[in-house]
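Visitor: Give me a model of this one.
(chains A, B and C)
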Amino acid sequence: MDGGAGGNAGGGGLSTAKTPADFLKSIRGRPVVVKLNSGVDYRGILACLDGYMNIAMEQTEEYVNGQLKNKYGDAFIRGNNVLYISTTKRTLGDQ
Amino acid sequence: MLFFSYFKELVGKEVTVELKNDLAITGTLHSVDQYLNIKLENTRVVDETKYPHMLSVKNCFIRGSVVRYVQLPPDGVDVDILHDATRREARGT
Amino acid sequence: MATEDESAVKEPLDLIRLSLDERIYVKLRSDRELRGKLHAYDQHLNMILGDVEEVITSVEIDDETYEEIVRTAKRHVPYLFVRGDGVILVSPPLRTS
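Guide: Purely as a prediction, here's the structure:
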């Protein structure tokens, strides 16, 4: 509809990402931060995700109030808990 | 559909349903529907001193969405059948 | 499309499928954690676990020092049906692949 404000050219680093779905497709295998509604953060490698935003992650670290609380080799996160998924520049433990 | 079928097989057995408000009710499973709503008969509340107003409740209908857990009778769990049913269900979705 | 490779993780639920008959860790809402053997699940993450240990974590504030006191209550349940809407995270045992 509108050619103006939306996902037009000149966005950030991901030149292929236009829609949210395209973004989600493009970030498989990348290091990500997943924030849940509860405020808990999960940092790890995004293995895959589905239409419910269910997420499979590898080498996952759980941060509560910024403090590392747990590590999981593999983790499945139920999609309804997800607030956002964000890519991170570097891999684990740099913050 | 898997757990609907499973709970139908469990009708007549005694289960303990734990609700999201921490109330736990033991009773005989009378019936279940596709939403996993549950009807219990001959009910008793596990912690009766904490919920004295529940003493007179002998039957109840529990909306599926308020259930946290159902404690299952050991003789009501056939592990091999569950595995097969789960694999069938996973293929179908 | 359909490959015979049943060990591949193509969608998140595959992670759960590969954990059937294995002990898993489940993180639930309201500060509950379960460890048990996964006997059945569906797409909602409804599950039947066996030989289950539940840990409930609660935080109290000391009346005088205002320090946080973390308490954990544990119990064991032989077989437990878990409704999927309370599930936050499921972690399978470490895979050797």
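Visitor: Please count neighbours and contacts with C-alpha atoms only from this point.
Guide: Will do.
Visitor: part of a strand, is B:Phe7?
Guide: No: judged by DSSP: H, G, I helix; E, B strand; the rest coil, B:Phe7 forms no part of a strand; its state is helix.
Visitor: so it touches B:Val32, yeah?
Guide: Yes: counting by C-alpha atoms under 8 Å, B:Val32 is a contact partner of B:Phe7 at 6.7 Å.
Visitor: show me where chain A has helices.
Guide: Here chain A has its helices, by DSSP state H, at A:20-26.
Visitor: list the contacts for residue 39?
Guide: All of this refers to chain A. A:Val64, A:Asn65 (C-alpha atoms under 8 Å, 6 or more residues apart in numbering or on different chains).
Visitor: Chain B, not that one
Guide: B:Leu29, B:His30, B:Ser31, B:Val32, B:Asn59, B:Cys60, B:Phe61, B:Ile62.
Visitor: one step back: who has more neighbours, B:Phe7 and B:Val32?
Guide: Using other C-alpha atoms under 10 Å in any protein chain shown as the criterion, B:Phe7 and B:Val32 rank with B:Val32 on top: 23 against 19.
Visitor: Contact residues of chain C facing chain B?
Guide: By C-alpha under 8 Å from any C-alpha of the partner chain, the part of chain C that sits against chain B consists of C:17, C:20-21, C:39-43, C:46, C:77-83, C:86.
Visitor: Mark which of these are buried, thanks.
Guide: The neighbour count (16 or more other C-alpha atoms under 10 Å in any protein chain shown) marks C:17, C:20-21, C:39-42, C:46, C:79-83, C:86 as buried among those.
Visitor: Same list (those residues) but as TSV, adding secondary structure.
Guide: Formatted as TSV, those follow (three-state DSSP):
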residue	secondary structure
C:Arg17	helix
C:Leu20	coil
C:Asp21	coil
C:His39	strand
C:Ala40	strand
C:Tyr41	strand
C:Asp42	coil
C:Asn46	coil
C:Tyr79	strand
C:Leu80	strand
C:Phe81	strand
C:Val82	strand
C:Arg83	coil
C:Gly86	helix
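Visitor: can you tell me the helix or strand for the residue of chain C most remote from its centre?
Guide: Here chain C reaches farthest from its C-alpha mean at C:Glu64, the gap being 36.0 Å by C-alpha atoms, centre = their mean. If you go by DSSP states H and E, C:Glu64 is not part of any helix or strand.
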